[in-house]
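# Fold the following for me, if possible:
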Amino acid sequence: MINQQLVDFIRGQLSKGLDKEIINKELLSNGWNNKDIQEGFEALNSATVNSSFQDIKSFSTKKTFVIIGTCILIVTLILIYLSKNDLLNLPIFNDSENKYPSITEEIETIENVSKKEEFSETGDITKVLDCGISNIIPDIETLNKPYNSTLDCLGKSILNQCQESKGLFKKEGSPEMELHIFKENDICYFKLTKQQYIKCPISSVRAIDLNSKNSLVMKDPNTKDATLFAIDVFNFGSFVVFLENNYDQKLIENRGCSGELISNLIQEMKNIRTNLTDKNINEITSKTRANAEIYFDKNYESNIGYKNVCQALSSEINELKKANVKNVKCYDSKESYAISASLVKTGFSCADSFGFNDIITNNIVGPKCQ
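Presented below is the predicted three-dimensional model:
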C-alpha cells in the first residue's frame, strides 16, 4: 500500500532539487525498505507525467524549452544550496514491530503537522491529543453519570497504547485541574495537576469498590468503559491513593507515585487531624454505628454477630489515633460492641450497638457504653 506521507516527502525533496539517489539512500538509512521507496517514486512519477504532458503542449517552440530549462537549472542550484540540511527532517520508519507507527508514533514532517505540537515529559516535541475541557470534576458520584467526551477521550488514549493526551477540568468554585496521559521509559503514567502535581503509573491505579459492605475495599479500575476508566484514574490521583495508603507518603511513593501534591495533601490532612473538635470526634464515633451494622448484616448467616467488628472499624479508630485523640477504646463480642474516645473538653464520646451515641463520664471497659 502506497504511503501518501512518504510520497509527499519525496515530492517536497525533489522540488528542492535533491537527487533521487540521495533521497533513496537517506530513506534506507532511516529504516524505510526498497519496496516502499520505489512505490513512492512510481506514484509520484505517474502523477508528474500526467501533469507534465499538459504543460508540454503549451510550449510552441524548441527555443522556449531551452530558456525555461536554463531558468529551472538556476533555481534548482539555489534551492539545493538553501536546503542542504533538509535531510535531517526525513521521516523515520518505526520497525519495532515491523509495521507502520501507531497513532502515537505516526510519521510527521514539519510540512505536514496534523496535531498540536508540545514538549512532552521527556523534553521532546511530540503530538499531544487535546481532549478538550470538561465542566465536570470527577469524584465518586460521577461514576453514576453518563458519557463525558473529555473523560472518554482520556480513557481511550490510555487504552490505545498510552497515546499522549491532556484534558482540562473546570468547575465554578473549584480549582482548575489537568489530567495528562503520557509514556515515559515505556511505562504509561498519568499526571494530575492542581497547582501542584501527582504522577503515578497507570498500572498502580486502584478504585473503591462501592458494592462492598466494608468501610474501604479496593478493586481494579474499570477498563471496559473509557469514561469510567478515566474517572478511576482521576479519583486515584486526587484522593483514592491517599485513602488506600492511609496518607502515608512512603507507602504512596512505593506505588511509583511522585510530586509535591503528595506531601502537601498529607500535611493538610495532618492539620485537620490535629485540630479535631469535640464535634468531629462525636461524628467519627457515631459513624461506626452504621459500619458496625453493615458488618453484622454481612455476617448474619455465619452467626458471629459483632465479634471482631473492632477490626472492621480500624479506619475510624486509626483516624482518631492519628489525630492524637486520647483513650480510644473498642470492645466487641457476639452480642454487642462499643467504641469510645476522650473529648477535648471533658468526658468521652461513645457509641454502641444498643443505640447509645452520646457523652459518658468514665471510659468504657466492655462492649457497652453504660
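# how about Cys188, what does it touch?
Going by C-beta atoms under 8 Å, 6 or more residues apart in numbering, Cys188 touches 158, 162, 181-182, 201-203. All C-beta atoms are positioned from the backbone trio N, CA, C, and that covers glycine.
# 10 Å instead, please
Each residue near Cys188 by C-beta atoms under 10 Å, 6 or more residues apart in numbering is listed here: 157-158, 161-164, 181-182, 201-203.
# what number of residues lie near Tyr234?
Small correction: residue 234 is Phe, not Tyr. Using other C-beta atoms under 10 Å, Phe234 has 26 neighbouring residues.
# Just put the contacts of Cys188 in TSV and tack on distance to Leu73 and secondary structure.
Below are the contacts of Cys188 laid out as TSV (distance: C-beta to C-beta, whole Å; DSSP: H, G, I helix; E, B strand; the rest coil):
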residue	distance to Leu73	secondary structure
Ser157	50	helix
Ile158	54	helix
Gln161	48	coil
Cys162	50	coil
Gln163	46	coil
Glu164	45	coil
Ile181	51	strand
Phe182	49	strand
Pro201	58	strand
Ile202	57	helix
Ser203	60	helix
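# what number of residues lie near Lys298?
With other C-beta under 10 Å as criterion, Lys298 counts 14.
# Check whether it really touches Gly305, as I assumed.
No - contact criterion C-beta atoms under 10 Å: Lys298 and Gly305 do not qualify, at 11.5 Å.
# Could you look up the SS state of Lys326?
Under DSSP: H, G, I helix; E, B strand; the rest coil, the three-state class of Lys326 is coil.
# Please state the backbone phi and psi of the nearest residue to it once chain neighbours are set aside?
Nearest-residue entry for Lys326: Ser342, 4.2 Å, with adjacent residues in sequence omitted and distances by C-beta to C-beta, 6 or more residues apart in numbering. Recorded main-chain torsions at Ser342 are phi -70, psi 140, according to degrees, to the nearest 10.
# Beta-bridge partners for Ser342, please?
Beta-bridge partners for Ser342, by DSSP bridges, are Phe348.
# Tell me which residues touch it, please.
Going by C-beta under 10 Å, 6+ apart, Ser342 touches 278, 281, 320, 325-329, 348-349, 363.
# and those, which are buried?
Buried by 16 or more other C-beta atoms under 10 Å: 281, 320, 325, 328-329, 348-349, 363, out of these.
# other SSEs contacting the helix or strand containing Asn24?
Assigned by DSSP states H and E, Asn24 belongs to helix 20-29. Helix 20-29 is packed against helix 4-15, helix 34-56, with contacts defined by 3 or more C-beta pairs under 10 Å, 6 or more residues apart in numbering; DSSP states H and E.
# Okay, buried residues for it please.
Those would be 23-24, 26-27, for helix 20-29 by 16+ other C-beta under 10 Å.
# ok, now how distant is the closest residue to Phe190 other than its chain neighbours from Glu176?
Nearest residue to Phe190 in three dimensions, chain neighbours excluded: Val233, at 5.2 Å (C-beta to C-beta, 6+ apart). Separation of Val233 from Glu176 (C-beta to C-beta, to the nearest Å): 18 Å.
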